[in-house]
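[1] Sequence plus predicted model, see below.
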Amino acid sequence: NDKKTILIIHGTGSHGRKDWYGWLGDKLTALGHTVIAPNLPEADKPDLEKWLSTLETYGGQLDEHAIIIGHSLGGPAAMHLIARQKKKIGKLILIAPTHSSIDWDEYRNLHPEDPVEYQKKFHAREVDYAGVQKKTGQIVYMYSDNDVYIPSSVTKQYKKALKGSFRLLPGRDHFTVSHGDAHTFPEVFTEILGEDPLPVGIFPVPEKELPVELPRVEKYEPTGTGESPLAAMDAWVQTTCPQCGGPAQRETNTMPQWAGSNWYFLRYCDPHNEKKIADPKKLAHWLPVDVYIGGAEHAVLHLLYARFIYKFLCDIEVIPKTLVKEKGDEPFKKLKNQGLILGEDGQKMSKSRGNVVNPDEIIGQFGADTMRLYEMFMGPFEDPKPWSTRGIIGLRRFVDRVYLVLSEHINKRKEFKHLPSRSIHKTVKKVTEDIESFKFNTAISAMMEFVNGRDWGMKLNKNGKLEGDSADMDAIEKFIKILSPFTPHLAEQLWQDLCSRSSDHFKKESSIFLEKWPKYDAKMIIEDTMTVVIQINGKIRDEIEMPVDTSEAEIKAAALAREKVQKWLAGKEPKKVIYVKGKLVSIVV
């Protein structure tokens with residue numbers, strides 16, 4: 001949800017439209033956010049319990065996406081409120097907060113007009129900092145280097161008590177009108193929205209000065225501040241305003257957020273071309289993209305922009321005319337939205353809930369192949385799916401089983417034979433069709449059934465020992481190939497072992513990913529037997545394996561002759577015997 005609820009808690013004195021509170025509230029409200037900025041009772045004689053009683057009436061509107069801003073005395077009030085709430089909040093922004101460690105006698109001498117005794121009493125109860133930390137997704141602390149109300153020792157105390165982002169804003173005094181121009185507060189606005197969308201005092205570079213050449217940047221790693229690496233190039237950033245001739249700063253965000261990724265799929269067609277975005281012949285060969293995969297939010301973000309850019313490139317004929325005429329001006333044939341991965345508690349993953357799974361930790365413990373396999377096995381591609389540690393353990397066992405069965409056979413150079421394996425042909429067909437349909441979970445299930453089957457050769461018994469001394473050479477080769485998109489590292493290792501240590505048939509020098517996808521023999525998939533279930537008075541009592549071309553009369557007779565059926569009939573003649581072709585014999589006694 002992009003729309004946020006923001007609670008602003010002021011300090012001693014009233015809310016005051018003259019301060020940045022009013023400016024901030026108006027800007028946020030205009031953007032569709034919900035702003036709560038109450039005038040707290042007896043603000044000139046602050047009482048903690050009275051303030052909290054008022055603030056707690058808004059508790060129902062605060063959730064994990066909400067933001068609380070506490071300025072001056074409002075800082076500790078905000079923390080007491082959070083500690084008393086049951087729900088977590090998204091972010092706490094503390095702006096020059098007061099603290100119990102302030103020397104109130106010295107404060108009285110410096111600010112005799114302030115209600116010192118009330119402020120001192122306000123701080124009599126210590127803040128539950130551990131509770132605040134636990135119930136807050138992110139804490140941001142802003143302070144000034146010339147604050148006449150808050151000594152530097154207060155910031156040191158808060159750095160000891162809280163883990164968060166501490167930001168020094170030089171020369172801002174106490175962030176009030178009486179100490180500097182605080183009608184606006186762009187830094188807190190940026191902190192709330194994650195960007196500064198207010199185009200104040202932005203002017204274009206005169207055309208005669210274009211193009212503006214960027215400086216050479218030594219490091220492109222993230223700065224940790226969320227700013228472009230160009231922001232650190234002070235000599236380039238500091239310039240002259242073309243409007244007034246005064247000092248100005250260059251814009252360091254040189255490209256909109258999505259622009260760099262709106263055309264990258266074109267470059268993939270010809271990544272080493274130094275003269276054009278891509279060779280028109282290669283674009284005509286590869287485009288449009290078969291499937292676009294992304295979260296649902298991409299439909300109004302990246303996908304929308306990519307389509308716009310592509311149509312523009314079609315208009316200026318960067319995209320070949322022949323391609324547009326033949327296949328249209330859409331860059332993607334089909335959109336598939338993957339389902340959301342939920343936490344083990346069934347809730348959306350978020351840091352505030354503490355249910356986030358770190359992929360690096362999972363890969364470190366179980367391996368990249370297992371992680372990849374599990375994500376595809378969790379459930380239907382489009383559906384939301386809860387994470388399960390037990391589930392990933394099961395997939396790791398499957399990976400281990402595949403490696404043990406195949407590598408042991410390959411490494412011991414046991415005999416290869418061409419066994420009449422039906423299951424590999426059924427598995428290749430199933431996996432091929434399921435990949436095309438994005439049914440990865442059922443494709444993996446089919447491979448599990450194949451590994452556990454017996455008709456292709458060796459398998460593990462209940463004691464974990466290998467049984468059998470020969471295996472179907474064709475089945476092993478096909479299986480490793482269909483396994484490769486799911487567990488690429490394991491498949492490549494098995495393929496290399498097969499190529500280097502087995503019969504001459506497998507002496508190939510290339511990677512498995514340069515091999516052709518295997519084909520199946522349709523004749524091998526046709527079943528020559530069928531399993532017929534036998535019911536007596538609606539309950540399953542037995543089953544029988546019969547050739548597929550067996551007549552109805554023969555199947556009925558065979559069913560009635562079964563020992564288990566005779567036991568249930570107890571010498572009685574059945575009233576009805578109904579046959580459902582290829583599936584069921586129903587006997588009514």
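    Done, it's in.
[2] quick one, what contacts Val451?
    By C-beta atoms under 8 Å, 6 or more residues apart in numbering, the contact set of Val451 is Phe398, Arg401, Val402, Val405, Lys459, Phe479. Every residue, glycine included, has its C-beta placed from N, CA and C.
[3] just the residues you listed: which has the poorest pLDDT?
    Per-residue confidence over the contacts of Val451 reaches its minimum at Lys459, where pLDDT is 60.
[4] which residue sits closest to Leu28, ignoring its sequence neighbours?
    Spatially, and ignoring its direct neighbours in sequence, Leu28 is nearest to Val35 (5.0 Å; C-beta to C-beta, 6 or more residues apart in numbering).
[5] any idea how far Met79 lies from His123?
    Separation of Met79 from His123 (C-beta to C-beta, to the nearest Å) stands at 11 Å.
[6] on that earlier part again, can you tell me the helix or strand for the residue nearest to Leu28?
    strand 34-36 (DSSP states H and E).
[7] Name the residues that touch the helix or strand that that strand is followed by?
    Using DSSP H and E, the helix or strand that follows strand 34-36 towards the C-terminus is helix 48-55. Helix 48-55 is contacted from outside by 7, 9, 38, 40-42, 77, 80-81, 84, 121-122, 125, using C-beta under 8 Å, 6+ apart.
[8] Stretch 366-386 now?
    Stretch 366-386 is contacted from outside by 336-346, 359, 362-363, 387-388, 391-393, 395-396, 398-399, 438-441, 443-445, 486-490, using C-beta under 8 Å, 6+ apart.
[9] do the same with stretch 357-364
    By C-beta under 8 Å, 6+ apart, the residues outside stretch 357-364 that reach it are Ile341, Gly343, Met349, Met371, Trp387, Ile392.
[10] again, but for stretch 559-571
    Val532, Ile534, Ile536, Arg541, Asp542, Ile544, Pro574, Val577, Val585, Ile587, Val589.
[11] Give me the three-state assignment for the first one.
    Taken by DSSP: H, G, I helix; E, B strand; the rest coil, the conformation at Val532 corresponds to strand.
[12] In contact with it, which residues?
    Here Val532 is in contact with Glu543, Ile544, Glu545, Met546, Ile555, Ala559, Gly582, Lys583, Leu584, Val585 (C-beta under 8 Å, 6+ apart).
[13] which helix is the longest one in this structure?
    Secondary structure of the chain read by DSSP state H shows that its longest helix is helix 389-411.
[14] any idea how far the nearest residue to Leu110 once chain neighbours are set aside lies from Phe122?
    Among residues not flanking Leu110 along the chain, Val148 sits closest, at 7.3 Å (C-beta to C-beta, 6+ apart). Plainly put, Val148 is 19 Å away from Phe122 if you go by C-beta to C-beta.
[15] Can you work out which other helices and strands pack against the longest helix of the chain?
    Based on contacts counted as 3 or more C-beta pairs under 8 Å, 6 or more residues apart in numbering; DSSP states H and E, the elements that helix 389-411 packs against are helix 359-366, helix 368-377, helix 440-452, strand 459-460, strand 466-467, helix 473-483, helix 488-501.
[16] can you pull the buried residues of it?
    Across helix 389-411, burial judged by 16 or more other C-beta atoms under 10 Å covers 391-392, 395-396, 398-399, 401-403, 405-407, 409-410.
[17] Which of those sits closest to Tyr158?
    Ile392 (40.3 Å; C-beta to C-beta).
[18] ok, the closest one - contacts?
    Each residue near Ile392 by C-beta under 8 Å, 6+ apart is listed here: Ile362, Phe366, Thr370, Met371, Tyr374.
[19] Any chance of TSV for those, columns distance to Tyr141, neighbour count and pLDDT?
    What follows is the contacts of Ile392, written out as TSV (distance: C-beta to C-beta, whole Å; neighbours: other C-beta atoms under 10 Å; pLDDT from 0 to 100):
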residue	distance to Tyr141	neighbour count	pLDDT
Ile362	33	18	91
Phe366	39	18	94
Thr370	41	23	96
Met371	37	19	95
Tyr374	40	22	94
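[20] now, among the residues you listed, which is nearest to Val318?
    Met371 (38.7 Å).
[21] Can I take it that Thr550 is in a strand?
    No. Assigned with three-state DSSP, Thr550 falls outside any strand and is coil.
[22] so how far is Thr98 from it?
    Between Thr550 and Thr98 the computed distance is 90 Å (C-beta to C-beta).
[23] Mind checking which of these two has more residues around it?
    A direct count of neighbours by other C-beta atoms under 10 Å for Thr550 and Thr98 places Thr98 higher, at 23 against 15.
[24] Isn't that one up against Ala77?
    No. Using C-beta atoms under 8 Å, Thr98 is not in contact with Ala77; the gap is 9.6 Å.
[25] on that earlier part again, who are the contact partners of the residue nearest to Leu28?
    Ile6, Ile8, Leu24, Gly25, Leu28, Thr29.
[26] And for Lys334?
    Asp290, Val291, Tyr292.
[27] Just say helix, strand or coil for it.
    strand.
[28] try Lys156
    Quick answer, by three-state DSSP: Lys156 is helix.
[29] Compute the number of surrounding residues for it.
    Applying other C-beta under 10 Å, we find 12 other residues in the vicinity of Lys156.
[30] And for Ile476?
    By other C-beta under 10 Å, 24 other residues sit near Ile476.
[31] repeat for Phe308
    That count, for Phe308 with other C-beta under 10 Å as the rule, works out to 12.
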